[in-house]
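*Asks:* Sequence isn't available, so here's the structure alone:
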């Protein structure tokens, strides 16, 4: 009798529990609040773009003209360097040994020049004595001709010795230039932003995906803003621009235009928006602000808003006058 009523009761309870589970699981998940509220544009009509901070001089990727082992790194990240200051040095032992050989060749060439000069002086004296004889019977014509020829030969040997000195000296200068190139120096005043090599590592010459060292002039900072090609017609160089720090929309700075690169390029950085096309092209505008105005770092992204003309207004187009037959 108990089983007759227990089984339907358990079945009813199971049905109710399943229904509750289905209903509760179909409830929409609450949207998690944003960690930081995004910035909003302070203009009625605006162009929005992602900006990336870079030095006034842009990022200078330091390389090496020769592939060699690094012997010393003279700077560290954060150092301020002057133009011409050494950044790192490469192994130069073989070049220094070669320089010693070429210095010896230069010394030998100088010695040969001195010998040629002394020989010429001796030949010149003998030729002068022969030319000074008034009695033509005292010296044969053959002897006089030999002395004249010897004088010309020794003059040519002296010129050859001079040329050898110049050649040896040029070779020494070439080796010294190679030695100088093995000390990589700062091309401009700036701050060391990144160091990707250590003493004992091999420095590869040529263009690298990861530069050996990155240098930049941080006297002022630039924000490189990507303006979508569809908004390029709305962009005005004289318009106001404001940049907000990502992660804190209360931190902002007014920007002044540094320059515009008048070449529309394919967009490189993507936002992850599903509506964004990978074939988008952008106009890049660089805005300037003082480093002390914001606690930012090179490479950091900012949300930039540029004041633009109202979308409801058609663009102003100046139509050129049509030439008439009378004007032609």
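*Replies:* Now that the structure is in, tell me what you want to look at. What you see is a predicted model, and the numbers here were worked out from it, not measured in a lab.
*Asks:* could you measure the nearest residue to residue 133 once chain neighbours are set aside against residue 41, distance?
*Replies:* The shortest distance from residue 133 to any non-neighbouring residue, by C-beta to C-beta, 6 or more residues apart in numbering, is to residue 139 (5.2 Å). C-beta: built from backbone N, CA, C; applies to glycine. From residue 139 across to residue 41, the span is 107 Å (C-beta to C-beta, to the nearest Å).
*Asks:* Same question for residue 247.
*Replies:* 18 Å.
*Asks:* Those two: which has the busier surroundings?
*Replies:* Ranked by neighbour count (other C-beta atoms under 10 Å), residue 247 and residue 41 place residue 41 first, with 17 against 11.
*Asks:* Quick check: phi and psi at the more buried one.
*Replies:* Main-chain torsions, residue 41, degrees, to the nearest 10: phi -70, psi 140.
*Asks:* The longest strand anywhere in the chain - contacts with which helices or strands?
*Replies:* Of all the elements of type strand in the chain, the one with the most residues (DSSP state E) is strand 248-266. If you count contacts as 3 or more C-beta pairs under 8 Å, 6 or more residues apart in numbering; DSSP states H and E, strand 248-266 packs onto strand 241-245, strand 281-290.
*Asks:* partners of it in the sheet?
*Replies:* With DSSP bridges as the test, strand 248-266 is paired with strand 241-245 (antiparallel), strand 281-290 (antiparallel).
*Asks:* looking at it, residue 186 is touching residue 215, isn't it?
*Replies:* Yes - look at residue 186 against residue 215 with C-beta atoms under 8 Å: they come within range, at 6.2 Å.
*Asks:* Next, show the common contact partners of the two.
*Replies:* Common contacts of residue 186 and residue 215 (C-beta atoms under 8 Å, 6 or more residues apart in numbering): 62, 81, 87.
*Asks:* Mark which of the residues you listed are buried, thanks.
*Replies:* Using 16 or more other C-beta atoms under 10 Å as the burial test, the shared contacts of residue 186 and residue 215 include 62, 81, 87 as buried.
*Asks:* helix, strand or coil for the last one?
*Replies:* The one in question is residue 87. Applying DSSP: H, G, I helix; E, B strand; the rest coil to residue 87 yields a three-state assignment of strand.
*Asks:* in terms of contact, does it touch residue 74 like I think?
*Replies:* Yes - between residue 87 and residue 74 there is a contact at 6.0 Å, judged by C-beta under 8 Å.
*Asks:* who's in contact with residue 198?
*Replies:* Residue 198 is in contact with 70, 73, counting by C-beta under 8 Å, 6+ apart.
*Asks:* Just the local confidence number for it, please.
*Replies:* What the model reports as pLDDT for residue 198 is 93.
*Asks:* three-state assignment of it?
*Replies:* Secondary structure, three-state DSSP: residue 198 is coil.
*Asks:* Residue 209: which of the buried ones among the shared contacts of residue 186 and residue 215 is nearest?
*Replies:* Nearest to residue 209 among those is residue 62, at 14.4 Å by C-beta to C-beta.
*Asks:* so how far is residue 235 from that closest one?
*Replies:* 34 Å.
*Asks:* Among residue 186 and residue 215, which residue is more densely surrounded?
*Replies:* residue 215 (26 against 22).
*Asks:* Let me know whether the more buried one touches residue 60 as I believe.
*Replies:* Yes - counting by C-beta under 8 Å, residue 215 touches residue 60, with 4.4 Å between them.
*Asks:* what touches both of the two?
*Replies:* Shared contacts of residue 215 and residue 60, counting by C-beta under 8 Å, 6+ apart, come down to 187, 188, 190.
*Asks:* CSV please, covering the residues you listed and showing distance to residue 128.
*Replies:* Listed next are the shared contacts of residue 215 and residue 60 as CSV, based on distance: C-beta to C-beta, whole Å:
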residue, distance to residue 128
187, 59
188, 62
190, 67
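*Asks:* Compare those and tell me which is most surrounded.
*Replies:* Taking other C-beta under 10 Å as the neighbour criterion, residue 190 ranks highest of these with 23 neighbours.
*Asks:* so that residue makes contact with residue 220?
*Replies:* No - using C-beta under 8 Å, residue 190 is not in contact with residue 220; the gap is 11.9 Å.
*Asks:* any weak-confidence spans in the chain?
*Replies:* 1-7, 10, 22-36, 134-138, 269-278, 310-328 (pLDDT under 70).
*Asks:* Lovely, talk soon.
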